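Undergrad: Everything below, folded, please.
(3 chains)
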Amino acid sequence: MAKTTYLEAIRQGLAEEMASDDRVYAIGEDIGLYGGAFKVTEGLLNRFGAERVIDTPVSETAIIGAAIGSAYLGMRPVAELQFIDFVACCFNILTNFAAKSRYRWGAGVPLVVRGPCGGGVSGGPFHSANPEAHFLHTPGLKIVEPSTAYDAKGLIKAAIRDDDPVLFLEHKLLYRRVQDEVPEEDYVVPLGQAVVRRPGDDVTIVTFGAMTHTALDAANQLAERDVAIEVIDLRTLSPLDYETILQSVAKTNKVIVLHEAQRTGGIGAEIAAAIAERGFEHLDAPPVRLASLDTPVPYSPALEAAFRPSVEQIVAAVEHLVEY
Amino acid sequence: MPTDVVMPQMGESIAEGTIVRWLRKVGDEVNRDEPLFEISTDKVDAEIPSPAAGVLTQVKVKEGETVPINSVVAVIGVRDTAAAEEPAPNPLPPSANVASAARVASPQPVKNPPTGPAAVRSGGSAEGGRVRSSPLVRRLAREHGIEVSQVTGSGLAGRVTKKDILAYIEHGPITALPTPVTATTKSPKPAPTFDADHATVAVPMTVMRQKIAEHMVASRRTSAHVHSIFEVDFSRVQRLRQAHNTLYEQSGAKLTLMPFIAKVVIDALRAMPIVNASVDGDQIIYKRDINLGIAVALDGGLVVPVIKNADEKNLLGLSRAIADLASRARAKQLGPAEVQEGTFTITNPGGLGAVFGLPIINQPQVAILGVGSLEKRPVVVNDAIAIRPIAYLTLGFDHRLIDGVVADQFVGHIKRGLEQFEAPIE
Amino acid sequence: MPATTATRPSDELSRDQRLELFYFARLTRDIEERLALLYRQNKVVGGLYRSLGQEGESVASAYALAENDAVAALIRNLGSVIVQGIRPRAIFAQYMAKGTSPTHGRDLNLHFSHIPNGDDGPIVIGPISTLGDLVPVMAGVGLGARMRRRRLVAMTYIGDGGTSTGAFHEGMNFAAVQKLPLVVIAEDNKYAYSTPVSQQMAIPRIDQRAEAYGIPHEMVDGNDMLAVYDASKRAVDLARQGAGPSLIGVDTMRMRGHAEHDDMRYVSKPLLDAWEARDPITRYRAHLIETEVATETDLVEIEAMSRQYAEDEAGLAEADPGPDPATVADGVVAGGHFQPSVEIVRSPFRVKRGASRHTQPTVVHP
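TA: Reported below is the predicted structural model:
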């Protein structure tokens, strides 16, 4: 199998679904001729035509609104937000219209809203967001963030086939840096299933997205000191796979929840609370959260490095837990 | 069946409404949807139609009265049976139903409740605190019938870790107790151990420490602390001490400075009862007895034993009482009654060389005397420089009750008393 | 769009259609009058938002749609969903939060949808309470219809306040760029809650909003039912021909407060009196008699029928049970049991409208 990038894997998944299901179409800003700000949709216009690869005005609410309306008519829209930060512009229609539709009326909205998230690339305060916590609190909306190319393809396909709105977060740091062997045959990675990326007995790190790789780097360092880290990659952030998390905590009895979004009110708080509630008697130490600082995402590489969780911080937190 | 007429909710935020006017009176026949009464709310005035046809059998709310929404304001009965009807019981407001319908995920019941506090408490610890462990360790202990206090902890601050209890389960207590521990040996106060990677370590406070912390902060919060410092010449006291010490030693006592100070303080308190008092709300509580507290420093804390009715003792009696209380305080043999009901406290920050201290009042007292170190200092006597044994006395006083002038008079009394000590020595 | 062509679309309306228009307007008002009584008897759980004085424009505009077209009503467009066949009982059940309501008590008043599979009946999309969002969503319905090769038209409403939102602008602009089959009825009903139109926009006529999008627009007397029908029908026809969206401004007046708890003290008595004299139903009734379409007896009969139907439907809904609290967490995402439905009924006139398609009425009102 050829090595495929994370970005190419998403494009393959999207194209395969468009080819196999003519209800699937793409809509967004600069996604047609230009192929998208990050070129995820490059080539789709030529292949599927302007009716199914729709360039829109700079109107995030119109993009999501049109996607919802067309979904009511049986379509399966895949809407691109140029940067996931811009989801703030369509927060209302996404959370109030799309996410509540099934509960209010039984009318599901099979919509995928995808876009590049995350920092580490000096994107600054408006091109680096990790907005999952804003949406974790939205019943009816699912959230996905792959960390590997294999998962990126399997998850985008699963998200498109899902009958509910899915916020599909693509970590831009991984777009071209991560490569996997990605099968050409049809497969999906089911939503709602975390995966153990690395088994270990001493401390569990629960994470996702680009931080999965940071956690694995830390685990490699710690392995040299005979500390065995178990790394769980959540993959789907809503609904959370508590079974996998709690199984791991029952084994290691010590857990770090690691994410790149800001710490306060982050998804780590929810996971740590659930572990404390449901896994209390498996804990040999308090659950630890590692996350970015409670500031906007800074621009300078030095500031951003100080802002995001680092391998060193993870190692230090693990050492503390080991001694605890 | 009778129909309740309720105060409607005219707007989401409306909580109550006022009956302005009844358009029908009790006994009247009413048709369904026929205007029955007028209401006025914060938002709107409206005419309210009858919910049912029948006879208005009851009007429960008079004109001009305001009642919460959903309150029953009247009852419409079936024609002809009106007179016999009992008033309908007040139905629950709809919100109660909503509340009961809300499904709150209840936490999982605890399957094996802990066998009791003893299971997780330290058996012989002098401090009586919990042995540090973790939820996992406590569960394992419970499941294996182990008392966590039997397991030696290797974690931070002696915490019993998963590894410790698993080793204990596997190898039993004998190998798990490699270090000899005897009940009679007083374990040395554990010094905090730092490891290479942590700049801090958390150690729980002793009960005494917690109490001191509590009391000191509470006192600072309670009293308006002011301090007044006087320089006192101890020449005469020193001379008297040297002259009489042998005599004292023969009777098993020791004539230190403290009995002298105590004696003149007692005299001053008797002369100025406002200092031997406390504050209770807006009342001044004067104390008949003079119960003198003397602060005694201990390892990791301090205690203030009290000489009850100190004014009944002479210098020798004070001397013995002070020596006795101090030694028993250090041996932790004081009874609870011996540290209570003090009315004034003397503390001795000068013991280790402090020139003077600014002591915090021992509540509910209103003043405290701090004694600085006794040192030979150059002083001006009759326009000449002389060398004299000098100590600074600080009075910390509660300005709520004691003004500066009063405080200064009080310390002035002590100063004079010491510099011109006249009490009988034997 | 010139408002005065030689022939008006309404010239084509049959006698039955003209009477049916009257019946729908009357039924809308009777339902709301019944709701007002239920509200004061504390049986309506939340607020009550009347369309008094605006029933004519909601009914006449929706009457320009074909039976299987899509309509999205705001809370004051009860008439439009009644025209498209939503059973009055469902409306009463919604307001009273009954378990039988189209949302099984989960949402209120006109907040419900009816989305049949394929071309099997009218599409009704409910609003969310933040106004403006229905415009992009209905643009999307038009987009979806085009992609699904269905020649349906999407119609929605927006008040003068709603046209000030960003969502309205984004949706109008997107529909214009994509030439989507969308008709937007923009109601100048003089107040958005308590704010007058003069503080909502600096243009003299609400339909001028459309000039920014380069789409056809016109302003009509919203209390002249046939004028509203004419303008709507022209716009619906354009949309169905693939000529893109239109906006119709209707000049009307909200004769009650924002909701029943609002006594409208900010509206002057002379203004209300002037609009009272222009009541759309009274005017249309007089027109039917003047043009000898109907006699007084005919109309009294229709009025009695409408009133009785509203009362019967209210009674049925009132007797319905509330929702089962055990269902509260069901159906947030796919895989639950929550499968609400709405009954679609035909009026006693049984008139077929617009591009005729096969319709399967589930209930025929006697």
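
Undergrad: all contacts plus neighbour counts: C-alpha atoms, from now on.
TA: Will do.

Undergrad: Quick one, grab the pLDDT at the closest residue to residue C:67 other than its chain neighbours.
TA: Nearest in space to residue C:67, with sequence neighbours left out and distances taken as CA to CA, 6 or more residues apart in numbering or on different chains, is residue C:122 at 5.7 Å. According to the predicted model, the pLDDT of residue C:122 comes to 95.

Undergrad: Just give the number of residues close to residue C:122.
TA: Each residue near residue C:122 was counted by other CA atoms under 10 Å in any protein chain shown, and the total is 23.

Undergrad: Please apply the same query to the one 5 residues further on.
TA: Applying other CA under 10 Å, we find 23 residues neighbouring residue C:127.

Undergrad: who touches residue B:52 in this structure?
TA: If you count contacts by CA atoms under 8 Å, 6 or more residues apart in numbering or on different chains, residue B:52 has them with B:3, B:30-33, B:76.

Undergrad: Okay, and which of these map to strands?
TA: When DSSP state E is applied, these are split such that B:3, B:30, B:76 fall in strands.

Undergrad: got the residues you listed as CSV, with neighbour count and pLDDT columns?
TA: Written out in CSV, the entries for the ones in strands among the contacts of residue B:52 read as follows (neighbours: other CA atoms under 10 Å in any protein chain shown; pLDDT from 0 to 100):
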residue, neighbour count, pLDDT
B:3, 20, 91
B:30, 22, 92
B:76, 28, 93
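
Undergrad: Just name the closest of the residues you listed to residue C:271, please.
TA: Nearest to residue C:271, judged by CA to CA, of these is residue B:30 at 35.8 Å.

Undergrad: just for chain B, where's the confidence low?
TA: Across chain B, the ranges flagged by pLDDT under 70 are B:43, B:80-129, B:173-192, B:251-252, B:425-426.

Undergrad: Chain A contacts on that one?
TA: Taking CA under 8 Å from any CA of the partner chain as the criterion, chain B approaches chain A at residues B:107, B:133-139, B:155-156, B:159, B:161-162.

Undergrad: Could you find the closest non-adjacent residue to residue A:9?
TA: Among residues not flanking residue A:9 along the chain, residue A:153 sits closest, at 4.9 Å (CA to CA, 6+ apart).

Undergrad: Show residues contacting the host helix or strand of that neighbour.
TA: Residue A:153 is part of helix A:149-161 when elements are defined by DSSP states H and E. Helix A:149-161 is touched from outside by A:4-14, A:17, A:24, A:76, A:78, A:110-112, A:144-146, A:166, A:168, A:178-183, A:187-191, A:235, with contacts defined as CA under 8 Å, 6+ apart.

Undergrad: Please apply the same query to stretch B:367-380.
TA: B:275, B:344-362, B:385-398.

Undergrad: Show me what counts as buried in that stretch.
TA: Judged by neighbour count (16 or more other CA atoms under 10 Å in any protein chain shown), stretch B:367-380 contains these buried residues: B:367-375.

Undergrad: repeat for stretch A:263-272
TA: Within stretch A:263-272, the residues that qualify as buried are A:263, A:266-269, A:271-272, counting by 16+ other CA under 10 Å.

Undergrad: which residues sit against that stretch?
TA: By CA under 8 Å, 6+ apart, the surrounding residues in contact with stretch A:263-272 are A:132-133, A:136, A:257-259, A:287-294.

Undergrad: ranges for the helices of chain C?
TA: Assigned helices in chain C, in chain order: C:15-40, C:55-62, C:78-83, C:88-95, C:134-147, C:166-178, C:225-240, C:269-276, C:280-290, C:296-319 (criterion: DSSP state H).

Undergrad: Any idea which residue is closest to the centre of chain C?
TA: Nearest to the geometric centre of chain C sits residue C:80, at 2.6 Å (CA atoms, centre = their mean).

Undergrad: Sheet-wise, list the partners of the helix or strand hosting residue B:368 with their directions.
TA: When elements are assigned from DSSP H and E, residue B:368 belongs to strand B:367-371. Partner strands and pairing direction for strand B:367-371 (DSSP bridges) are strand B:344-347 (parallel), strand B:384-398 (antiparallel).

Undergrad: Could you identify the helix or strand that succeeds the longest one?
TA: Elements were assigned by DSSP H and E; along the chain past strand B:384-398, the next helix or strand is helix B:404-419.

Undergrad: Mind giving me the packing neighbours of that next one?
TA: strand B:225-233, helix B:235-250, helix B:257-271, strand B:384-398 (3 or more CA pairs under 8 Å, 6 or more residues apart in numbering or on different chains; DSSP states H and E).

Undergrad: contact partners of that helix?
TA: Residues external to helix B:404-419 that are found in contact with it (CA under 8 Å, 6+ apart): B:228, B:230-237, B:260-261, B:264-265, B:268-269, B:272, B:393, B:395, B:397.

Undergrad: So for that helix, what gets flagged as buried?
TA: Neighbour counts over helix B:404-419 (16+ other CA under 10 Å) mark B:407-408, B:410-415, B:417-418 as buried.

Undergrad: mean confidence score for stretch C:64-74?
TA: Stretch C:64-74 carries an average pLDDT of 96.

Undergrad: end to end, how far does it reach?
TA: For stretch C:64-74, the first-to-last residue distance is 18 Å (CA to CA, to the nearest Å).

Undergrad: what does stretch C:48-67 give?
TA: Taking CA to CA, stretch C:48-67 runs 28 Å from one end to the other.

Undergrad: one step back: select from the contacts of stretch A:263-272 every entry located in helices.
TA: Assigned to helices by DSSP H, the following of the contacts of stretch A:263-272 qualify: A:132-133, A:136.

Undergrad: Residue numbers of chain B in contact with chain C?
TA: Residues of chain B lying close to chain C (CA under 8 Å from any CA) are B:5-12, B:33, B:43-45, B:47-51, B:70, B:101-102.

Undergrad: what does chain A put close to chain C?
TA: Contact residues (CA under 8 Å from any CA) of chain A with chain C: A:51, A:56-57, A:59, A:61-75, A:93, A:96-97, A:100, A:102-108, A:139-141, A:163-164.

Undergrad: Of these, just the buried ones, ChimeraX syntax please.
TA: The buried subset of the residues of chain A next to chain C, as determined by 16+ other CA under 10 Å, is captured in ChimeraX by this line:
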select /A:56,57,59,61,62,63,64,65,66,67,68,69,70,71,72,73,74,75,93,96,97,100,102,103,104,105,106,107,108,140,141,163,164
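
Undergrad: still on that earlier bit, go through the buried residues of stretch A:263-272 and flag which are in helices.
TA: Residues from those lying in helices, with DSSP H as the criterion: A:267-269, A:271-272.

Undergrad: isn't residue C:100 right up against residue C:321?
TA: Yes. Applying CA atoms under 8 Å, one finds residue C:100 in contact with residue C:321, separated by 7.1 Å.

Undergrad: coming back round to it: and the next helix or strand past the strand holding residue B:368?
TA: Counting by DSSP H and E, the element after strand B:367-371 in chain order, helix or strand, is strand B:375-381.
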